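S.K.: predicted model follows, preceded by the sequence.
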Amino acid sequence: MATIIDGKALAAKVRERAAAEVAELGGRGISCGLAVVLVGDDQASATYVRSKLRDCEQCGIRSFDYKLPAETSQEELMELIGRLNADEDVTGILVQMPLPAHLDTERVVAAIDPNKDVDGFHPMNMGRLVRGLEGLRPCTPAGIMEMLDEYEIDPAGKNAVIVGRSSIVGKPMAFMLLARNATISVAHSRTDPHELARICQSADILVAACGVPKMIKGPWVKPGATVIDVGMDRDEAGKLCGDVDFDSAELVAGAITPVPGGVGPMTRAMLMSNVVLAAKLQHG
Ligand code: GUN
């Protein structure tokens, strides 16, 4: 049976490390502050934001909570970002996604000071990642790299397959694994479905980030492979599940992340770690 990668336990360690660094920076007169901007009244987003604010409190990070009405205009939002960029008490800015449809997400993301972009979504940070330079990295793939390191799974020379090509997970994941010398394949919604099983079977490290409940089955997993499940889905019975069919994959994998308790808690914890890094980038 596979080793179950305990994202919850590692997330607690990452938060402790962040809290210690926040205290250390505080001792040098540098305070960490995260501004969280939520536009509209999406319930899931509101829940995510509440947990991020709670994490900040636990780590000794000041937080600034901006709840804006759904009908907020592009100009109003851009004006707020401008003010947060200029505010020295704000060392990190997070705009909760998705934004209401009338707002231009790309313009909003590009307006954030790249050194305060704790989501790592800014084109400058994406460019830094691709070029192998220091910068803020998206939390989900950054958390996955932490899990691989914790469990001493070295990507170097391994075949890594990422299923999904989003800007938030799939693409940055590919470049982070590439930076650690893995051989990368990215499968996506237009990959020949007849090829998909074979591509997955070539993976020593398989990252499922396609958003389709239980799409990756046991027979698609190479014996002994590391399986990382980014999915947060509901199965037919309405029960929380991932993009991997855990019960069948667990029998074949060498190590596997559960849902819940795998990637999710690490994503949250890496945000705290990014708030610390952002403060350091701004204060040298
Ligand atoms: N919505 C869902 N996930 C995320 C995330 O990681 N960051 C932001 N800003 N919004 C999200």
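M.R.: Great, that's in hand. Numbering: from 1, shown residues only.

S.K.: okay, CA-based contacts and neighbour counts for the rest of this
M.R.: Noted.

S.K.: which positions in the chain make contact with the ligand?
M.R.: The interface of the chain toward the ligand, taken as CA under 6 Å from any ligand atom, is made up of 94-98, 119.

S.K.: could you export those residues as a markdown table, including secondary structure and neighbour count?
M.R.: Below are the residues of the chain next to the ligand laid out as a markdown table (DSSP: H, G, I helix; E, B strand; the rest coil; neighbours: other CA atoms under 10 Å):
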| residue | secondary structure | neighbour count |
| --- | --- | --- |
| L94 | strand | 23 |
| V95 | strand | 22 |
| Q96 | coil | 15 |
| M97 | coil | 12 |
| P98 | coil | 13 |
| D119 | coil | 24 |
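
S.K.: which residues touch the spatially most central residue of the chain?
M.R.: With the centre of the chain defined as its mean C-alpha position, the nearest residue by CA atoms, centre = their mean is T140, 1.8 Å away. Contacts here follow CA atoms under 8 Å, 6 or more residues apart in numbering; on that basis T140 touches 168-169, 263-264, 266-267, 270.

S.K.: phi and psi next, for it.
M.R.: phi -70, psi -60 (degrees, to the nearest 10).

S.K.: what's the spacing between it and S166?
M.R.: The spacing between T140 and S166, counted by CA to CA, to the nearest Å, is 12 Å.

S.K.: do the same with M232
M.R.: 15 Å.

S.K.: give me the phi and psi for G27.
M.R.: G27 adopts backbone torsions of phi -60, psi -20, taken as degrees, to the nearest 10.

S.K.: format the contacts of T140 as JSON lines; extra columns: neighbour count.
M.R.: As requested, those are exported to JSON lines (neighbours: other CA atoms under 10 Å):
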{"residue": "I168", "neighbour count": "17"}
{"residue": "V169", "neighbour count": "23"}
{"residue": "V263", "neighbour count": "28"}
{"residue": "G264", "neighbour count": "23"}
{"residue": "M266", "neighbour count": "29"}
{"residue": "T267", "neighbour count": "20"}
{"residue": "M270", "neighbour count": "26"}
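
S.K.: quick one: which of those residues sit in helices?
M.R.: 263-264, 266-267, 270 (DSSP state H).

S.K.: in a markdown table, list those residues along with pLDDT.
M.R.: Conversion of the ones in helices among the contacts of T140 to a markdown table gives the following (pLDDT from 0 to 100):
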| residue | pLDDT |
| --- | --- |
| V263 | 98 |
| G264 | 98 |
| M266 | 98 |
| T267 | 98 |
| M270 | 98 |
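
S.K.: mind listing the helices for the stretch 51-200 of the chain?
M.R.: If you assign secondary structure with DSSP state H, counting those that start in this stretch, the helices in the stretch 51-200 of the chain sit at 74-86, 105-111, 123-131, 139-150, 170-179, 193-201.

S.K.: next, format the ones you listed as JSON lines and append distance to A2.
M.R.: Output for the helices of the stretch 51-200 of the chain, formatted as JSON lines (distance: least, CA to CA, whole Å):
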{"stretch": "helix 74-86", "distance to A2": "45"}
{"stretch": "helix 105-111", "distance to A2": "39"}
{"stretch": "helix 123-131", "distance to A2": "31"}
{"stretch": "helix 139-150", "distance to A2": "14"}
{"stretch": "helix 170-179", "distance to A2": "22"}
{"stretch": "helix 193-201", "distance to A2": "16"}
